[in-house]
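Trainee: I'd like to go over a predicted model; first the sequence, then the structure.
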Amino acid sequence: MTENNYEQVYFLSDKSKISGWFFKSKKNYESVIILFHGTGSQKDFGLNIIAEDFSNQGISSLVFDYRGFGDSENIKGYPKRYLSAKHQIEDILSAVNFMRRDKKIKKIGLFGESMSAALAMMAAKNLENKKQPIQAVYSQNPACFEFPKWPFVFKKLIYKSIFLDLLFKNKFIKIYQTSPKDVECYLPDSFCFWPIIPENKLGDWNNKIPARSIFNIAVLVLSGKIKRNLKRIKTPILISQGSLDRFLGSSYKSIDRIFNNNKNVNVEIYRYQGEHISALPLVNKKQYEIDKNKYEHESNTYYPDIYKKLFPIYLKFFKKYLI
């Protein structure tokens, strides 16, 4: 990707500057897909490739960093990389407003990955309530419906870290494994994440978030707010889930209960064979080649061809509602 392929854009979310890349399609369909990253990630972790592929297929795209991530300013009064569903949904709504106000976009689709897959649907419901609906949502491996099925060793690490951070405000926890045997992290079995992390990363990304951020996610799950809000969502939604996703396997039944046979929603569920993050395009080919044998096996998959198979599926979905 070269800088000539996108326009660097900025917009405000509650007085904090958000950094984004706008990939304008050569075809003028007056439509855009807004993409946003998952837990501990940022806009150059593969989403920029998807945005560029969308623009090459005739739909303009915006990819941005949440406040506190990548090149965006922090949430006022909070540390870098702080996770908060409330603030992140505000950022999504600010991006939608920016596209409508500054770019004069009429049709908008949302693309969320992992935690953001659930937040995308929540943001769409928020806009419905305001009578300002967007046209479509693609939700890839949505989190925040149920708790992950963590082994005891992970639970112990996380609970201890949350307690210390709530008490002293200085405890950070690692997001992704740095080796297959690395157990002190938030996402167990996440070694397959590394091929989507570029060698030269934006901002000061360092694989850590404030531990109390995980407490925010836990409260969101326990509150049942997501399930209650999405039972009657009207916006068309496509959900994809990896069949080998051990981290979010606990969400499958919950999502089925909410959406299957629910005549009040327009939701399609697509399942593919792959891990939690394996639907994202390969970014760090060098790292992938070094550890290829560690990625490609049933219990810890990272298949470069999954993205190639999935992209046409959600491209067709977006074209149906945006063009």
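Mentor: Perfect, thanks for sending it.
Trainee: SS state for K308?
Mentor: helix (DSSP: H, G, I helix; E, B strand; the rest coil).
Trainee: so how many other residues sit close to E30?
Mentor: 12 (other Cβ atoms under 10 Å). Yep, even glycine has a C-beta here, placed from its N, CA and C like the rest.
Trainee: ok, it touching R100?
Mentor: No. Contact criterion Cβ atoms under 8 Å: E30 and R100 do not qualify, at 10.8 Å.
Trainee: overlap in contacts, those two.
Mentor: Counting by Cβ atoms under 8 Å, 6 or more residues apart in numbering, the shared contacts of E30 and R100 are K106.
Trainee: which is the next helix or strand following the helix or strand harbouring L157?
Mentor: L157 is part of helix 152-168 when elements are defined by DSSP states H and E. Using DSSP H and E, the helix or strand that follows helix 152-168 towards the C-terminus is strand 172-174.
Trainee: okay, buried residues for that next one please.
Mentor: For strand 172-174, a neighbour-count test (16 or more other Cβ atoms under 10 Å) marks F172, I173, K174 as buried.
Trainee: just the closest of those to K125, please.
Mentor: I173 (29.7 Å; Cβ to Cβ).
Trainee: ok, for the residue most central in space within the chain, nearest residue in space, not its chain neighbours?
Mentor: Centroid-nearest residue in the chain, with Cα atoms, centre = their mean: E113, separated by 2.6 Å. Spatial nearest neighbour of E113, excluding adjacent residues (Cβ to Cβ, 6 or more residues apart in numbering): G38 at 4.5 Å.
Trainee: how near is the one you found to N5?
Mentor: According to Cβ to Cβ, to the nearest Å, G38 stands 23 Å off from N5.
Trainee: more neighbours, the two?
Mentor: Neighbours were counted for G38 and for N5 using other Cβ under 10 Å; G38 has more, 27 against 14.
Trainee: tell me the secondary structure for the more buried one?
Mentor: coil.
Trainee: can you check the one 3 residues further on too?
Mentor: Of the three states, S41 takes coil under three-state DSSP.
Trainee: got a list of what it touches?
Mentor: F69, E113, S114 are the contacts of S41 under Cβ under 8 Å, 6+ apart.
Trainee: just give the nearest non-adjacent residue to the last one, would you?
Mentor: Leaving aside its sequence neighbours, S114 sits nearest to G38 (Cβ to Cβ, 6+ apart; 3.1 Å).
Trainee: can you check Y186 too?
Mentor: Nearest to Y186 is I175, by Cβ to Cβ, 6+ apart, at 5.1 Å.
Trainee: helix/strand/coil for the closest residue to G46 other than its chain neighbours?
Mentor: Closest residue in space to G46, ignoring its immediate chain neighbours: L280 at 3.9 Å, by Cβ to Cβ, 6+ apart. Three-state assignment for L280 (three-state DSSP): coil.
Trainee: list the contacts for L280?
Mentor: F45, G46, L47, I50, E113, I196, Y307.
Trainee: wouldn't the residue nearest to S114 be in contact with S116 here?
Mentor: Yes. Counting by Cβ under 8 Å, S116 is a contact partner of G38 at 5.3 Å.
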